[in-house]
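> Here is a sequence with its predicted model. Questions after.
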Amino acid sequence: MTCKRLFSFISKNLIKNAHCLLQVSEIDVQLQHQHFSNQYCLLGKSIETFTIDLPNHFVENTWEFLQADHYSKIQSLKFESKWQYSKLPSPTKLFLGLVGFEYLTCLNLSNLELDTDSGIAIDDLKNIPLQKLYYNFKDNQFLFKAHRDGGDKDDPNEWPLTKSLEAVSINSFDVIPMLDRLPKLRHLRIIVGGRYHYLDVAELQSTNLPPCVTKLSFTDSTIYSRPFISHQNNFQFIGTFYTSTQDNGIVHYKWVYIRKNN
């Protein structure tokens, strides 16, 4: 009876959040995750929020472990790194592999600066009905690419991703007039600074945000005071929040604003 009660308690109070360091060798990857293969391992089956810390080096078959059944119920997947310019390994394999994650609603890549390969491969996410997508790559604002009438059958307005997104990051103010492509959008995250680009927040002062945006946040590792938001956009400042620290001591923060009630 005691064992039954203990098992029942554990089942109802399982760990929902997990954080792992991506291993640098295939053997280490197998050893780290093989215990989840045990059919009686409740921890693996309970994970809903999974954070992966990327090392400076990685193996070719990096993402095979994510195809194990014990990760199948992940709802939120986040990537972090203590290295200043981390590269996302095998991006095409990762993004295509995520198509099979039935419960995945949030993908956060904002703590990385995607390289060209990763930035191009991110188009593969268009068929995944995510609710939140954060990434940092200015050269591919694929959600807002122009749709050509006639011969272009790949209409972004019909993607499962554009229909479902409630929160998204942008690297350019040029896409703000096209935010109506995301009918469920509520939260807009603006990535101000990066290795290859920097946004002048002052440009936002002359821009009216669509009324659907009720939450506004900024991320940047190079400024230490909150951005000024024009009164015309009717937002109030909520607070400054720590996000991560890199190996060189650079600290990342985000600043959050909420739209005032009319």
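Right, received. Where do you want to start? Residues are numbered from 1 along each chain as shown.

> How many neighbouring residues does Leu216 have?
Leu216 has 22 neighbours, counted by other CB atoms under 10 Å. Every residue, glycine included, has its C-beta placed from N, CA and C.

> Also Leu98?
For Leu98, the tally of surrounding residues (other CB under 10 Å) stands at 19.

> Pull up the gap between it and Asp117, please.
If you measure Leu98 against Asp117 using CB to CB, to the nearest Å, the figure is 16 Å.

> how long is stretch 201-217 from one end to the other?
Length of stretch 201-217, first residue to last, CA to CA, to the nearest Å: 12 Å.

> And it, what's buried?
By neighbour count on 16 or more other CB atoms under 10 Å, the buried set for stretch 201-217 is 201, 204, 209, 213-217.

> Among those residues, name the ones in strands.
Those of the buried residues of stretch 201-217 mapping onto strands are 215-217, per DSSP state E.

> Output the residues you listed as CSV; include the columns pLDDT.
Formatted as CSV, those follow (pLDDT from 0 to 100):
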residue, pLDDT
Lys215, 93
Leu216, 90
Ser217, 90
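
> So which of those is the closest to His19?
Ser217 (22.0 Å; CB to CB).

> Residues in a beta bridge with that closest one, which ones?
When bridges are called by DSSP bridges, Ser217 pairs up with Arg189, Val256.

> residue contacts, it?
187-190, 254-257 (CB atoms under 8 Å, 6 or more residues apart in numbering).

> ok so, going back, ok, the ones in strands among the buried residues of stretch 201-217 vs Tyr135, which is closest?
Checking these one by one against Tyr135 (CB to CB), the nearest turns out to be Ser217, at 14.4 Å.

> Need the nearest residue in space to Thr243, chain neighbours excluded.
Among residues not flanking Thr243 along the chain, His252 sits closest, at 4.4 Å (CB to CB, 6 or more residues apart in numbering).

> quick one: that neighbour and Phe218 touch, right?
No: the pair His252 and Phe218 fails to qualify as a contact (CB atoms under 8 Å) at a distance of 11.1 Å.

> quick one, which of those two is more surrounded?
For His252 versus Phe218, neighbours defined as other CB under 10 Å are more numerous around Phe218 (23 against 18).

> What is the end-to-end distance of stretch 87-102?
Criterion CA to CA; first-to-last residue distance in stretch 87-102 is 26 Å.
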